[in-house]
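S.K.: Sequence plus predicted model, see below.
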Amino acid sequence: MTPADCATVHPTPHMSPSHFLPSCIIAAVLLTGCGATQLGMCAPHTKEEGTPAHHWTECFNEPFAHAGITHSVFCLDGGTDKPPVILLHEMTGLTPGTLAYAEELSKDFTVYVPLLFGETGRFSPASGLWAYWFRGMAEFGLGGEWGVPTNGSAPIVSWLRGAVQTIGNRHAQQRIGIIGNCMTGPIPLALLDHPRVRAAVVAQPALPMRFWWYTDTDRTSLGLSADDLEIAKQSPAKIYGLRFETDCMADRAKHLTLRHEFGDRFLDGEIPASAYQPDGNPINVHSTLIGSWKASEATRQPSREARERVRAFLLNELHATDHGN
């Protein structure tokens with residue numbers, strides 16, 4: 001059965017409509033060599049490590065509502081003396097490893113962690129795929145909260161802008177940093193419209209994630225609308241890009257797009273294959289800051305070094321002095 005068959009074949013008397021569509025989808029995925037299959041083939045085979053030691057609570061006493069969307073934003077405490085950093089989780093959700101990384105960052109920064117899908121403290125790649133491909137269609141049309149319009153911004157970007165504004169109000173004149181990972185990798189670029197967001201970390205950007213197949217344009221795309229990309233280009237913020245050299249979920253063409261669009265503002269943090277493939281044997285790698293942390297001997301040290309470089313980048317950019325802002 002091909003994707004075209006799903007549009008022309010009707011359920012048999014022995015097949016209920018509720019079973020027909022999933023059967024077509026499964027058949028199409030298996031037979032077309034499509035985007036969903038590629039994601040599965042490229043995904044790392046190591047499970048992330050890391051256990052949070054502290055209790056994370058709602059930053060604003062209740063889930064944050066803006067632009068018709070409501071999501072929780074978690075913090076360790078109510079302090080605002082350290083510069084704010086917003087950590088956006090991966091497609092795997094707000095996992096224990098993500099919270100553990102947030103706690104590491106909290107030594108130097110006031111960390112805000114939005115829960116964009118899934119459950120707090122649970123590893124669930126399916127929740128990310130469901131959110132990206134299906135959830136929210138009734139409210140926002142095809143693509144849900146993550147659907148990117150030709151002009152304007154995805155609904156999730158509008159919600160995040162509200163969160164950035166609220167966080168900025170809590171931190172007076174402090175600069176703001178934002179870290180995106182995988183499915184959220186390029187999102188910090190769309191949030192550079194706030195004048196005090198002065199540091200964006202784009203870690204292994206994987207958008208757009210296609211269910212069927214990828215075009216050459218998809219491989220170079222950052223998964224943002226033209227309007228959002230233009231906003232990012234007008235900002236003076238520095239951008240730090242991260243990916244493993246052989247990562248096939250975050251195509252190298254996206255890294256080249258970042259370099260082309262942002263020039264000297266883009267700092268290239270690509271991790272060379274020689275750093276994690278000393279014997280030359282290929283391994284599936286993707287998550288530079290979270291999923292590969294202590295995952296194996298091959299990726300442990302490169303991930304530690306990547307975290308330290310991100311820390312130094314944020315410290316340098318967020319403690320710089322603004323003139324006129």
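M.R.: Yep, that arrived. What you see is a predicted model, and the numbers here were worked out from it, not measured in a lab. Numbers count the residues shown, from 1 in each chain.

S.K.: in this protein, what spans have low per-residue confidence?
M.R.: For the chain, the stretches flagged by pLDDT under 70 are 1-40, 45-46, 135-143, 322-325.

S.K.: mind listing the helices in it by residue range?
M.R.: With DSSP state H as the criterion, the chain has helices at 3-8, 17-32, 35-42, 96-105, 125-133, 137-140, 155-170, 187-190, 216-220, 226-234, 252-262, 297-318.

S.K.: Deepest-packed of these, please.
M.R.: For these, average neighbour numbers computed from mean count of other C-beta atoms under 10 Å are highest in helix 187-190, which has a mean of 28. C-betas here are computed from N, CA, C, even on glycine.

S.K.: Which secondary structure elements does it sit against?
M.R.: With contacts defined as 3 or more C-beta pairs under 8 Å, 6 or more residues apart in numbering; DSSP states H and E, the packing partners of helix 187-190 are helix 155-170, strand 176-181, strand 197-203, helix 226-234.

S.K.: got CSV for the ones you listed, with distance to Ile271 too?
M.R.: CSV is the format used below for the helices and strands packed on helix 187-190 (distance: least, C-beta to C-beta, whole Å):
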stretch, distance to Ile271
helix 155-170, 27
strand 176-181, 14
strand 197-203, 11
helix 226-234, 23
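
S.K.: wait, which of these is closest to Glu49?
M.R.: Ranking those by distance to Glu49, with C-beta to C-beta as the measure, places strand 176-181 first at 15.8 Å.

S.K.: Which residue, other than its chain neighbours, is closest to the residue nearest the centre of the chain?
M.R.: If you average the C-alpha coordinates of the chain and look for the closest C-alpha using C-alpha atoms, centre = their mean, you land on Thr184, 1.7 Å from that point. Leaving aside its sequence neighbours, Thr184 sits nearest to Leu88 (C-beta to C-beta, 6 or more residues apart in numbering; 3.7 Å).

S.K.: Tell me how many other residues crowd the one you found.
M.R.: Counted with other C-beta atoms under 10 Å, the neighbours of Leu88 add up to 25.

S.K.: and if you look at Asn61?
M.R.: For Asn61, the neighbour count with other C-beta under 10 Å is 8.

S.K.: Repeat that for Gln277.
M.R.: Based on other C-beta under 10 Å, the number of other residues close to Gln277 is 17.

S.K.: OK, contacts around it?
M.R.: Shown in contact with Gln277 (C-beta atoms under 8 Å, 6 or more residues apart in numbering): 246, 283, 298.

S.K.: Quickly note the distance from it to Asp228.
M.R.: Here the distance between Gln277 and Asp228 works out to 35 Å (C-beta to C-beta, to the nearest Å).

S.K.: Equivalent analysis for Leu191, please.
M.R.: When C-beta to C-beta is the yardstick, Leu191 and Asp228 sit 9 Å from each other.
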